[in-house]
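Q: Sequence plus the predicted model coming up.
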Amino acid sequence: MNVCVFGASGYLGASVYQLLKEIPGTDVAGTYLEDPAVFDDLYKLDVNQPESFSEYFKQTQPDVIVWSVMSGPNEDELIQEGLRHLITHITPDTKLVYVSSDFVFADGYGPYSEGDSTSKLPAEHVLSTYANAKVKAENFITQDLSNYVILRAGPIYGENKIGKLDERTDQLIYQLRLGNRIAFRDDLIRTFVHVGDLAGVITEFIQNDQTGIYHAGPDKSYSFYEFMQQMAEKRGFNRELVEKAPEDEEVDKEVPKNTVLNTEKITQAVKQTFR
Ligand SMILES: NC(=O)c1ccc[n+]([C@@H]2O[C@H](COP(=O)([O-])OP(=O)(O)OC[C@H]3O[C@@H](n4cnc5c(N)ncnc54)[C@H](OP(=O)(O)O)[C@@H]3O)[C@@H](O)[C@H]2O)c1
């Protein structure tokens with residue numbers, strides 16, 4: 001089986017790439033954009049460049065594609081150009097595993113199930129580019145493809161397969177080591193998912209015949225404040241050093257409050273458990 005991981009140099013993609021390398025009978029290819037790549041054998045590719053993209057796709061002929069690409073402020077271009085281009089290359093035999101986000105539920109009144117309607121943020125909102133591009137991506141995929149898995153995830157945390165931490169935990173440890181206090185919001189509730197568990201479930205979907213939309217993560221949810229207190233304690237720090245951040249926001253910067261994902265469906269579909 002040929003698998004191609006787009007974004008294999010990224011936080012999640014690197015774990016997926018490494019895990020796949022350990023599976024006998026799997027030929028894995030991966031792409032990166034900015035040097036240096038985290039693995040020597042990755043291919044440098046801008047997915048927004050149609051010609052080099054087509055050439056790469058024809059060369060690798062993947063049976064399964066993992067989309068673990070993200071580009072914050074350029075997310076819309078990534079979907080409008082890169083993902084759309086990818087969709088034109090995919091035959092019904094090629095499976096796409098697309099990593100989406102809990103931010104497709106921008107109204108912020110979770111917990112959400114897979115069948116709930118997605119919503120967009122107003123265009124002027126600071127987070128709209130990323131969140132709305134994810135909604136757009138899901139619409140393209142569900143309209144044009146049948147052989148796909150859309151995997152929605154909340155904040156991803158933990159150490160990945162190459163020892164990289166998520167930026168939030170990295171900051172937490174950095175500040176606590178300096179003896180500083182650090183504050184997180186208590187009014188933003190999420191389903192936090194460990195990078196290793198998410199990479200595990202992606203490799204499972206690569207190898208099985210399941211398709212559709214799934215919410216990834218455990219059945220527990222926390223505020224950022226509660227979760228980061230736990231992270232501090234697990235790393236041997238006093239949890240009281242994590243404080244509550246102010247909750248006042250400007251209207252066009254209001255973050256969706258509760259994007260908790262109901263994860264019952266995925267627990268029925270896969271062997272992977274979520275810590
Ligand atoms: N991190 C989270 O908490 C979180 C939560 C929910 C969903 N997700 C989703 O999970 C996926 C992976 O996220 P992540 O945290 O692993 O992101 P990440 O560390 O920023 O990795 C994203 C990767 O995308 C690549 N990339 C960006 N623009 C590209 C382009 N034009 N052409 C080719 N590659 C490009 C980057 O390549 P280089 O590094 O080589 O430049 C990078 O490796 C994304 O789909 C994201 O939306 C993430």
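A: Received, thanks.
Q: and the most centrally placed residue in the chain, which of the three is it?
A: With distances taken as CA atoms, centre = their mean, V99 lies nearest the centre of the chain, 4.9 Å away. Of the three states, V99 takes strand under DSSP: H, G, I helix; E, B strand; the rest coil.
Q: Over to V66?
A: V66 - assigned by three-state DSSP - is strand.
Q: Go ahead and confirm it touches V97.
A: Yes: taking CB atoms under 8 Å as the definition, V66 is a contact partner of V97 at 4.8 Å. The C-beta positions use only the backbone N, C-alpha and C, and glycine is treated the same way.
Q: all helices for the stretch 51-200 of the chain, in order.
A: With DSSP state H, counting those that start in this stretch as the criterion, the stretch 51-200 of the chain has helices at 75-77, 84-89, 128-144, 167-177, 195-207.
Q: K58 is nearest to which of those?
A: For the helices of the stretch 51-200 of the chain, proximity to K58 was assessed by CB to CB; helix 84-89 is nearest, at 8.3 Å.
Q: Contacts only, for F103.
A: Residues near F103 by CB atoms under 8 Å, 6 or more residues apart in numbering: L127, Y130, A131, K134, P256, T259.
Q: Swap in 7 Å and give it another go.
A: F103 is in contact with Y130, A131, K134, P256, T259, counting by CB atoms under 7 Å, 6 or more residues apart in numbering.
Q: looking at it, the fourth one is touching D102, isn't it?
A: What it means is P256. No: with contact defined as CB atoms under 7 Å, P256 does not reach D102; the gap is 8.1 Å.
Q: where does the protein dip in pLDDT?
A: Along the chain, the model assigns pLDDT under 70 to residues 251-252.
Q: Report the beta-bridge partners for the residue nearest to the centre of the chain.
A: Counting by DSSP bridges, V99 is bridged to L151.
Q: State the distance from it to the ligand.
A: According to CB to the nearest ligand atom, to the nearest Å, V99 and the ligand sit 4 Å apart.
Q: can you check G82 too?
A: Distance from G82 to the ligand, by CB to the nearest ligand atom: 6 Å.
Q: What is the burial count for the residue nearest to that residue when sequence neighbours are not counted?
A: Computed as CB to CB, 6 or more residues apart in numbering, the closest residue to G82 that is not its neighbour in sequence is V47, at 3.4 Å. Residues lying near V47 (other CB atoms under 10 Å) number 23.
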